[in-house]
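Q: Sequence and predicted structure below; questions after.
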Amino acid sequence: MSLRQDMVQYLEMRSASNLPEVWQVPVEVLRQGLEGRPAQSGEPEKIYEIEHRFIPGPTSDLPIRIYRPHWHSPLPALVFFHGGGWVLNSLDIYEQALRSMANKGQFVVIAVNYQKAPEHPFPIPFDDCYATLLWVAKNAEKLGIDPNQIGVGGDSAGGNLAAAVAIKVRDTKDLPLAFQVLVYPCNDDEMNYESAKNNGSGYGLSTKAMKWFWEQYLSKKSDTKNPYAVPVAAKDFTGLAPAIITTAEFDPLLDDGYIYSELLKKSGVQVIYREYEGLIHGFFSMAGVTEAANELHQNLCDEINALLMR
């Protein structure tokens, strides 16, 4: 399939803006350049309640947002980790997407603004995300959450963090993780697959940019062998929580998600895999650009609830 027309228009607008490549300017300049991004995320829809608070993390207090569709408890919960190459983005950019997920799924969404690389490389962002999950599980009753229906999810680098958290939960048995949602995840730092070549430039996220993000996140060579940093490095995928994995046709990470889904399937993990045709990396948080974002949210919520009803 060819690129959707709304994606063509978006990429033309992006090209005309002459944005610098991520490796060309200081990180603080990149972050400042994202201040207008919430507009492309769409107008935030109404929701019953949003709570802003801080929770204790391993090295810093962590800002979280709790999105609640109603107060009939206990509800399932999605603990969400946002994308941005472990370097960029904030919860403001995800405001509409997270409200949409909570409303469509009728579950609580808890999102954390974890600390970012390169100032805070692995394992700090991962540890922040894992600590957030443990906090949600520990406080499930106070939060009106069913402790047996808690899952994790994220997009791009957030998908990596969710996959890694799911592996650690399996290893530690700290809680019964109900599901993992991986939206175009980056789980393989080597990127030796066809989509990294075929979709390597011209579609928003480039392969060169993705490799730069990996360099910011992994501070030591040994990190590449750590499954909590690079999930494909895991020697065993058995016993992981059921996975919902989403990819986009014109994404350099297309094969990353597909290959990871096949690894999980071969280890007996239940997997729901869906590739979205005509779309590019990042569309989860682009409801202001493409209606496909809301379609994705609805499909993810339907798939999560189907897993919870098993």
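A: Looks like it came in fine. Residues are numbered from 1 along each chain as shown.

Q: Can you point out the buried residues in the worst-scoring helix or strand of the chain on mean pLDDT?
A: Ranking every helix and strand in the chain by mean pLDDT, DSSP states H and E puts helix 27-32 at the bottom, with a mean of 92. Neighbour-count burial for helix 27-32 flags Leu30 (criterion: 16 or more other Cβ atoms under 10 Å). Any C-beta I mention is one placed from the backbone N, CA and C, and that applies to glycine too.

Q: swap in stretch 39-48?
A: By neighbour count on 16+ other Cβ under 10 Å, the buried set for stretch 39-48 is 40-42, 44, 47.

Q: okay, the least confident helix or strand of the chain in PDB with CA atoms only?
A: Below are the C-alpha coordinates for helix 27-32, written out as PDB (Å, rounded to 0.1, in the frame of the first residue of the first chain):
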ATOM      1  CA  VAL A  27      19.600  18.000  23.300                       C
ATOM      2  CA  GLU A  28      18.100  21.000  25.000                       C
ATOM      3  CA  VAL A  29      17.500  22.600  21.600                       C
ATOM      4  CA  LEU A  30      15.800  19.400  20.400                       C
ATOM      5  CA  ARG A  31      13.500  19.500  23.500                       C
ATOM      6  CA  GLN A  32      12.600  23.100  23.000                       C
END
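
Q: any chance you could map the strands in the stretch 51-200 of the chain?
A: Here the stretch 51-200 of the chain has its strands, by DSSP state E, counting those that start in this stretch, at 61-68, 75-81, 108-112, 145-155, 180-183.

Q: will you turn those strands into JSON lines that also has mean pLDDT, distance to Phe237 and mean neighbour count?
A: Formatted as JSON lines, those follow (pLDDT from 0 to 100; distance: least, Cβ to Cβ, whole Å; neighbours: other Cβ atoms under 10 Å):
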{"stretch": "strand 61-68", "mean pLDDT": "98", "distance to Phe237": "28", "mean neighbour count": "19"}
{"stretch": "strand 75-81", "mean pLDDT": "98", "distance to Phe237": "20", "mean neighbour count": "26"}
{"stretch": "strand 108-112", "mean pLDDT": "98", "distance to Phe237": "25", "mean neighbour count": "26"}
{"stretch": "strand 145-155", "mean pLDDT": "98", "distance to Phe237": "16", "mean neighbour count": "24"}
{"stretch": "strand 180-183", "mean pLDDT": "99", "distance to Phe237": "11", "mean neighbour count": "30"}
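
Q: Need those strands in TSV (columns: distance to Leu263).
A: Formatted as TSV, the strands of the stretch 51-200 of the chain follow (distance: least, Cβ to Cβ, whole Å):
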stretch	distance to Leu263
strand 61-68	30
strand 75-81	20
strand 108-112	26
strand 145-155	18
strand 180-183	12
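
Q: Looking at those, which is nearest to Asp174?
A: strand 145-155 (10.9 Å; Cβ to Cβ).

Q: So what are the sheet partners of the closest one and their directions?
A: Its sheet considered, strand 145-155 pairs with strand 75-81 (parallel), strand 180-183 (parallel) by DSSP bridges.

Q: Those: which one's closest to Asn192?
A: Evaluated over the strands paired with strand 145-155, closeness to Asn192 peaks at strand 180-183, with 19.5 Å, by Cβ to Cβ.

Q: next one: the closest one to chain centre, how far?
A: On the basis of Cα atoms, centre = their mean, to the nearest Å, strand 180-183 sits 7 Å off its chain's mean C-alpha point.

Q: List of residues touching it?
A: 78, 83, 151-156, 158-159, 162-163, 165-166, 240-246, 257, 260, 284, 296, 300, 304 (Cβ atoms under 8 Å, 6 or more residues apart in numbering).

Q: ok, 7 Å please
A: 151-155, 159, 162-163, 166, 241, 243-246, 257, 284, 300, 304 (Cβ atoms under 7 Å, 6 or more residues apart in numbering).
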